[in-house]
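Novice: Sequence and predicted structure are below.
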Amino acid sequence: MSDRKMSYIGLPRKIPASGRSVGKERYAREPLAKFIRKHWPLYVMIVPMLVYFLVFKYIPLLGSVIAFKDYNIFDGFIASKWVGFQWFETLATQRKFLAIFRNTVIISLYQIVFAFPAPIILALLMNEVRKTAFKRTVQTIVYLPHFLSWALVYGMAYMMFSTQTGLVTQLLAHFDIAPIHLLQTPEYFRTLVVGAGMWKEMGWSAIIFLAALTGISPSLYEAAQLDGASRWRQLLHVTLPGLLPAIVILLLLKIGNVLDVGFEQIYVFLNPLTYSVGEVLDTYSFRLGIINGEFSITTAIGLFKSVIGFVLLVSVNKLSNKITGEGLY
């Protein structure tokens, strides 16, 4: 076989562009209609997802206009009176709203500082375990809390910290120590809620980082060992750089949802004694919209959260691309 024929083995067929030189050849492309007919099962599979986003995500966006109206459920969002930015001005001048916004930001920062690194640390620790049976047992144990409802988690917290029958109270009484009202004391509310969230979701969130660890090439560790790197050095110079893309993407998504601290998580732990430190935008919207029927101001709160999240996501993503070279886009 000639060298000319050999050079074309395994290469896609090229068609010279009309009116152009041979050096400006372009690959032949299959017509779009033919490509869709050829791969129609794949397109059918994404139809339910497209319908879901269309019906439950994009069409409801039209209703966001009630944030700029004095919405009346009987008039509908089209016929209701237009009031402009009245509800946003109301929120900005309410001292209660500013306190609730502060609570939301503080709890979200607690989650970023303490809860976000927890699954990373857990994944790194589990990655060092060499006995497969022990590793799988630990994985099963730390995954299980994810499947518990928040109502059940609060029930377990009540059995632990109740001042009447709680396990912690009984242990303190054994040492003649007065019971601590953890569930009713504002000073402990944020720590309790964030700690419960860490316990519930830490194992499940670690799955992503364990998957990222499996994608790190073993040859990098072998090269590090040949250079005399210790396990700590391998962690710093091989493992963490390999995890960096996953860490950055998840951190950016968390920052984009910085004002979403988890409605159910906060609501089940909240009580009148802890409103001052535990009321967040999600629970406040629930009380205004579902209980009081003030749909316009509730929608205004939702738009406020969306705008803040969007601005933070774009800004932090741009900063991350400059510093680490990693980002969502």
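Specialist: Arrived safely.

Novice: tally of neighbours for Pro179?
Specialist: Neighbour count for Pro179, taken as other C-beta atoms under 10 Å: 15. Yep, even glycine has a C-beta here, placed from its N, CA and C like the rest.

Novice: just checking, it touches Phe161?
Specialist: No - contact between Pro179 and Phe161 fails when scored by C-beta atoms under 8 Å: they sit 9.0 Å apart.

Novice: Identify the contacts common to those two.
Specialist: With contacts defined as C-beta atoms under 8 Å, 6 or more residues apart in numbering, the residues shared by Pro179 and Phe161 are Thr169.

Novice: Using PDB, list the CA coordinates for stretch 59-76.
Specialist: Provided in PDB are the C-alpha atoms of stretch 59-76 (Å, rounded to 0.1, in the frame of the first residue of the first chain):
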ATOM      1  CA  ILE A  59     -43.600  29.500  32.600                       C
ATOM      2  CA  PRO A  60     -43.900  30.400  36.300                       C
ATOM      3  CA  LEU A  61     -41.400  33.300  35.700                       C
ATOM      4  CA  LEU A  62     -44.200  35.200  34.000                       C
ATOM      5  CA  GLY A  63     -46.000  35.400  37.400                       C
ATOM      6  CA  SER A  64     -43.000  37.300  38.900                       C
ATOM      7  CA  VAL A  65     -44.700  40.400  37.600                       C
ATOM      8  CA  ILE A  66     -46.900  40.400  40.700                       C
ATOM      9  CA  ALA A  67     -43.900  41.700  42.600                       C
ATOM     10  CA  PHE A  68     -44.600  45.000  40.900                       C
ATOM     11  CA  LYS A  69     -48.400  44.900  41.400                       C
ATOM     12  CA  ASP A  70     -50.900  45.000  44.200                       C
ATOM     13  CA  TYR A  71     -51.800  41.400  43.500                       C
ATOM     14  CA  ASN A  72     -55.400  40.400  44.100                       C
ATOM     15  CA  ILE A  73     -56.100  36.700  43.700                       C
ATOM     16  CA  PHE A  74     -59.600  37.400  42.100                       C
ATOM     17  CA  ASP A  75     -58.300  39.900  39.600                       C
ATOM     18  CA  GLY A  76     -55.300  37.800  38.500                       C
END
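
Novice: Name the residues of it that are buried.
Specialist: For stretch 59-76, a neighbour-count test (16 or more other C-beta atoms under 10 Å) marks 66-69, 71 as buried.

Novice: need the strands for this structure, in chain order.
Specialist: Along the chain, counting by DSSP state E, strands occupy 14-15, 26-27, 69-70, 81-82.

Novice: Just checking: what are the partner strands of the last one?
Specialist: The sheet places strand 81-82 alongside strand 69-70 (antiparallel), with pairing taken from DSSP bridges.

Novice: now the partner strand: how far from the chain's centre is it?
Specialist: Centroid displacement of strand 69-70 relative to its chain, using C-alpha atoms, centre = their mean, to the nearest Å, is 32 Å.

Novice: Please enumerate residues in contact with it?
Specialist: Residues outside strand 69-70 that contact it (C-beta under 8 Å, 6+ apart): 77, 80-83, 86, 296.

Novice: ok, and the closest non-adjacent residue to Cys308?
Specialist: In this structure residue 308 is Ile, not Cys. Spatial nearest neighbour of Ile308, excluding adjacent residues (C-beta to C-beta, 6 or more residues apart in numbering): Leu259 at 5.9 Å.

Novice: Got the phi and psi for the one you found?
Specialist: Phi and psi for Leu259, reported as degrees, to the nearest 10, are phi -90, psi 0.

Novice: Phe310 is in contact with that one, correct?
Specialist: No - at 11.1 Å, Leu259 does not count as touching Phe310 under the criterion of C-beta under 8 Å.

Novice: How about Tyr329: what's its closest non-neighbour residue?
Specialist: Nearest to Tyr329 is Asn317, by C-beta to C-beta, 6+ apart, at 6.8 Å.

Novice: burial measure for that neighbour, as a count.
Specialist: The tally of other residues near Asn317 (other C-beta under 10 Å) stands at 19.

Novice: In this structure it contacts Thr324, no?
Specialist: No - judged on C-beta under 8 Å, Asn317 makes no contact with Thr324 at a distance of 10.8 Å.

Novice: Pull up the gap between the spatially most central residue of the chain and Gly84, please.
Specialist: Centroid-nearest residue in the chain: Lys254, 4.7 Å away (criterion: C-alpha atoms, centre = their mean). Distance of Lys254 to Gly84, given as C-beta to C-beta, to the nearest Å: 33 Å.

Novice: do Tyr143 as well
Specialist: For Tyr143, the distance to Gly84 (C-beta to C-beta) stands at 49 Å.

Novice: These two: which is more packed in?
Specialist: Neighbours were counted for Tyr143 and for Gly84 using other C-beta under 10 Å; Tyr143 has more, 14 against 9.

Novice: so that one makes contact with Gly203?
Specialist: Yes - applying C-beta under 8 Å as the test, Tyr143 and Gly203 come out as touching, 4.6 Å apart.
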